[in-house]
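> Quick one, structure for this:
(2 chains)
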Amino acid sequence: MELQTVTQTKTSKATKTHMAGSEAVVHCLLAEGVETVYGYPGGAIMPVYDEFYKYQDQLQHILTRHEQGATHAAQGYARISGKVGVAIATSGPGATNLITGIADAMIDSTPMVCITGQVGAHLLGTDAFQETDIIGISTPVTKWNYQITKASEIPEIFAKAFYIAQSGRPGPVLIDITKNAQFESFDFAYEKCSAIRSYHPVPQCDPNALQEAADLINNAKKPFIVWGQGVILGKAEEELKTMVEKTGVPAAWTILGASAIPTAHPLNVGMVGMHGNYAPNILTNECDVLIAIGMRFDDRVTGDLNTYAKQAKIIHFEIDPAEINKNVPVDVAVLGDAKTTLSELIPLLQPNEHTAWRQRFTELQAVEQEKVIQNDLFPTKEGLTMGEVMLAINKESEGKAAIVSDVGQHQMIACRYAEFNETRSNITSGGLGTMGFALPAAIGAKMAAPEREVIAVIGDGGYQMTIQELGTIFQNRTPVKIVVLNNEFLGMVRQWQQLFFEKRYASTEMTNPDFVSIAKGYHIEADRVTKREELHEAVRDMIQFEGPYFLEVCVEKEDNVFPMIPSGASVSDIRLE
Amino acid sequence: MSSEEKKLYTVSIYTENNVGLLNRISAIFQRRHINIESINTSISEIEGVSRWTIVVKVTEPQIQKIIGQIEKQVDVIRAYYHMDEETIYQECCLFKIQSDLFFEDPNIQKIISASNVRIVTVEREFFVLEKAGRRSEIESLYQQLKPFGIMQFVRSARIAITKESLNISPLLTAFQA
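The predicted structure is shown next:
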């Protein structure tokens, strides 16, 4: 470890205090500005929990009801605030229960530090009680991980972990600490990490590439922007807005990019991808220059790559060099952090209006409005639609809410119809598609941003994957609002079964419990809506209620989400019905 | 399409010498269902820095993406890929053969002197030959010795040095500054 300090990382020595490894862990967290950690105690992490008890006035520990909940809460915390989320668990099953959340954070580039206890170093490899190779298990789903076996390693490894988690393209880091390292005493000193010699978080931007990009954009007749979460992670929302407004280029977003520019902005043309809007999907294959900013050409965004934007020159603004040409070959790659590259790009761009080209978006939007949106938001049939619930949430929250969605039909509807006026307002599991994400993520989001209205929108399937976190909400009186859109089906799978498996509804129908009673069992105020005329008032009551609130909305059982690009089809083959 | 043709590539990686990196690197290949032909790690010309030599048979677009994923790892300093003609490469092998053949069969002596083989040890029961070279040379020697009865055979991973300069030292010096 001395070697690491000297050669691999840049830190300087500060004053030393003698303390146990467990206490050092708390000091490291405090030094990194951590205020809240989510976790679950157990044998191998007890020394650290003992310190949590002693330091409870400085560091809040939130006991979730399952370790997976701790990771999602930490993710929600990170996604709404931009700060590093912290989750902690014991060895063995505690550690393995973190894996889903870690994998989710990895694919969605969420800064998170996970801490796990481990059996004593002398027991490693002996199949000791609650021993599991969490380093081996977590390696493919962490940006970095490390097993601490000596207390003296703690400060440097924590400093590295926080630096790695939040720099460059953020991601999850796991630190495994053997029990002996928690008990051992040593001379503690903490210095934040500012560089690691083998790690280059932000690549250098090539001015020539920037000029090439500007030339392509300036000469384009039908330019089109698709932005992703890189804009939010890079805090480049203002730069993107300036760029869009200066050039008049219509801009669409990926699911994780949502809310970087307000929904109602005239140049915001909606969502791309499988259940995105009609115009941006169709026009992906008509634009002459596609400007991708902080997005990774996920298959849910591109559909069939062989027919994706083949007519267009493609410019990719990206912080992670490994993303360049990974899925889509690009003509110009502009490496770097979005805030820097867009700031440098803007002066090179010429003002434009692109009136005729924007008209194409308006025309196709009208088609979608007539065929899909009208029926989703203003249905004439009896059953409630998920879309009208979102509309009621928009209205009653005055478009100010942060929407935390789970995975499935309701998620697509939430992303399509939520009104966003502030960045970091769409918190959802994008890349991994983790059912059970929303309830615990909403807890973390609300704690990180108590001033914001946080509304979890969840399906009846995903809700039951982490429903026990109602206990966390109850214990902490976390004032999150929970809306379950209950169609008594695993709706998205059922939709696929209907469209592609001749309606063979294999294991998608759910016989559900009385959700209102369950919420009330946790002493959470609860209501159920089954009729359209009750909807707005029920949503209003929920939002006006001070404290946590549960609202079940019984929606039409077999509604489908459209538009839809069938899996593996071209963006041009997007279906409206 | 030529870019889709699978070729043998030598991947050279400079890394920190940290526990667990082998898992992290091998997972990049495993996840993409790519079989590693050979893998070697050793010290490098720079103190404290490891050098990895990995041989894989893939297409050029594949190897480019793999290099990106390898370089993305926090503990990786730099990764490169090369074609055979861009490197000087060797493998090493050991043969264990019965001692009486060594003394009694003149053909073995001939093979040894003709193929640049080193005699590592001669014991009462067996002797051990070592040969370093290209795969084809090793395979040819194997075929020549096979009729005499090979008691044990083992071949090492490829190690390779590139003809071009890799400039790792200046990179690390820049960090120290």
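> For stretch A:551-565, buried residues please.
For stretch A:551-565, a neighbour-count test (16 or more other Cβ atoms under 10 Å in any protein chain shown) marks A:Leu551, A:Glu552, A:Val553, A:Cys554, A:Val555, A:Asp559, A:Asn560, A:Val561, A:Phe562, A:Pro563, A:Met564, A:Ile565 as buried. (Each C-beta comes from the backbone N, C-alpha and C, glycine too.)
> How far off centre is it?
22 Å (Cα atoms, centre = their mean, to the nearest Å).
> end-to-end on that stretch?
One end of stretch A:551-565 sits 31 Å from the other (Cα to Cα, to the nearest Å).
> Mind splitting the chain into its structural domains?
Just going to use chain A. Residue ranges for the domains of chain A, per automatic domain parsing: A:2-188, A:207-361, A:382-554.
> my bad, chain B
B:2-82, B:88-159.
> Comparing those domains, which comes out most buried?
Of the domains of chain B, the one with the most neighbours on average (mean count of other Cβ atoms under 10 Å in any protein chain shown) is domain B:2-82, at a mean of 17.
> Looking at it now, give me its mean pLDDT.
The average pLDDT within domain B:2-82 is 95.
> Name the nearest residue to the residue of the stretch 201-350 of chain A found nearest chain B, sequence neighbours excluded.
Nearest residue of the stretch 201-350 of chain A to chain B, counting by Cβ to the nearest Cβ: A:Ala322, 3.5 Å away. Nearest residue to A:Ala322 in three dimensions, chain neighbours excluded: B:Gly68, at 3.5 Å (Cβ to Cβ, 6 or more residues apart in numbering or on different chains).
> show me the biggest strand of chain B in terms of residues.
strand B:87-98 (DSSP state E).
> so what's the residue in chain B that chain A sits nearest to up against?
The nearest approach of chain B to chain A comes at B:Gly68, 3.5 Å away (Cβ to the nearest Cβ). Going by Cβ atoms under 8 Å, 6 or more residues apart in numbering or on different chains, B:Gly68 touches A:Pro321, A:Ala322, A:Glu323, A:Ile324, A:Lys326.
> From A:Leu342, how far out is the most centrally placed residue in chain B?
Per Cα atoms, centre = their mean, the C-alpha nearest to the average position across chain B is that of B:Arg158, at 1.4 Å. Distance of B:Arg158 to A:Leu342, given as Cβ to Cβ, to the nearest Å: 45 Å.
> coming back round to it: remind me what the longest strand of chain B packs against, helices and strands.
strand B:126-133, helix B:135-145, strand B:150-155, strand B:159-162 (3 or more Cβ pairs under 8 Å, 6 or more residues apart in numbering or on different chains; DSSP states H and E).
> Partner strands of that strand and their direction?
strand B:126-133 (antiparallel), strand B:150-155 (antiparallel), strand B:159-162 (antiparallel) (DSSP bridges).
> For B:Leu21, find the nearest of those strands.
strand B:159-162 (18.2 Å; Cβ to Cβ).
> Can you name the secondary structure element that comes next after that closest one?
Downstream of strand B:159-162, the next assigned helix or strand under DSSP states H and E is helix B:168-176.
> Pull the residues that contact that following helix.
Residues contacting helix B:168-176 (Cβ under 8 Å, 6+ apart): A:Thr7, A:Lys10, A:Ala195, A:Arg197, B:Tyr14, B:Ser44, B:Glu45, B:Ile46, B:Val49, B:Ile77, B:Arg78.
> What residues are bridge-paired with A:Ala526?
Bridge pairing for A:Ala526 - DSSP bridges - gives A:Phe550.
> So what's the residue count around it?
Using other Cβ atoms under 10 Å in any protein chain shown, A:Ala526 has 22 neighbouring residues.
> residues contacting it?
A:Phe515, A:Val516, A:Ala519, A:Lys520, A:Tyr549, A:Phe550, A:Leu551, A:Glu552.
> Just the buried residues from those residues, in PyMOL please.
In PyMOL, a selection of the buried entries from these looks like this (16+ other Cβ under 10 Å):
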select buried, chain A and resi 515+516+519+549+550+551+552
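> related to what we said a few turns ago, from memory the residue nearest to the centre of chain B sits against B:Gln90, does it?
Yes - contact criterion Cβ atoms under 8 Å: B:Arg158 and B:Gln90 qualify, at 7.2 Å.
> just for chain A, where's the confidence low?
Residues of chain A that meet the criterion pLDDT under 70 lie in A:1-7, A:9-14.
> mind running it again at 50?
Low-confidence segments of chain A, defined by pLDDT under 50: A:1-3, A:5-6.
> Alongside chain A, which residues does chain B contribute?
Neighbours of chain A within chain B, by Cβ under 8 Å from any Cβ of the partner chain: B:15-16, B:19-20, B:23-24, B:27, B:31, B:48, B:61, B:64-65, B:68-69, B:71-72, B:74-77, B:172, B:175-176.
> let's go with 6 Å and repeat that
B:16, B:20, B:23-24, B:27, B:48, B:65, B:68-69, B:72, B:74-77, B:172, B:175 (Cβ under 6 Å from any Cβ of the partner chain).
> so of these, which ones are in strands?
Reading strands off the residues of chain B next to chain A with DSSP E, I get B:Glu16, B:Val76, B:Ile77.
> What about A:Ala252, how many residues nearby?
So A:Ala252, with other Cβ under 10 Å, has 25 neighbours.
> Assign it to helix, strand or coil.
strand (DSSP: H, G, I helix; E, B strand; the rest coil).
> so who does A:Ala401 touch?
A:Ala401 sits next to A:Glu453, A:Ile455 when contact means Cβ atoms under 6 Å, 6 or more residues apart in numbering or on different chains.
> Then the one 5 residues further on?
Taking Cβ under 6 Å, 6+ apart as the contact definition, A:Asp406 lies against A:Met435, A:Phe437, A:Ala438, A:Ile458, A:Gly459, A:Gly462.
> one more time with 8 Å
A:428-429, A:435-439, A:456-459, A:462-463.
> out of the strands paired with strand B:87-98, which comes closest to A:Cys415?
With respect to A:Cys415, and counting by Cβ to Cβ, the nearest of these is strand B:159-162 at 48.2 Å.
> Give me the spatial nearest neighbour of A:Gly230, chain neighbours excluded.
Closest to A:Gly230 by Cβ to Cβ, 6+ apart is A:Gly294, at 1.6 Å.
> is it true that that neighbour touches A:Ile319?
Yes - judged on Cβ under 8 Å, A:Gly294 makes contact with A:Ile319 at a distance of 7.2 Å.
> Touching both of those two, which residues are there?
With Cβ under 8 Å, 6+ apart, A:Gly294 and A:Ile319 have common neighbours A:Gly230, A:Gly234, A:Ala338.
> What backbone torsions are found at the last one?
A:Ala338 adopts backbone torsions of phi -60, psi -40, taken as degrees, to the nearest 10.
> so it touches A:Val231, yeah?
Yes - in this structure, A:Ala338 is within contact of A:Val231 by Cβ under 8 Å, at 5.4 Å.
> Alright, calling it a day.
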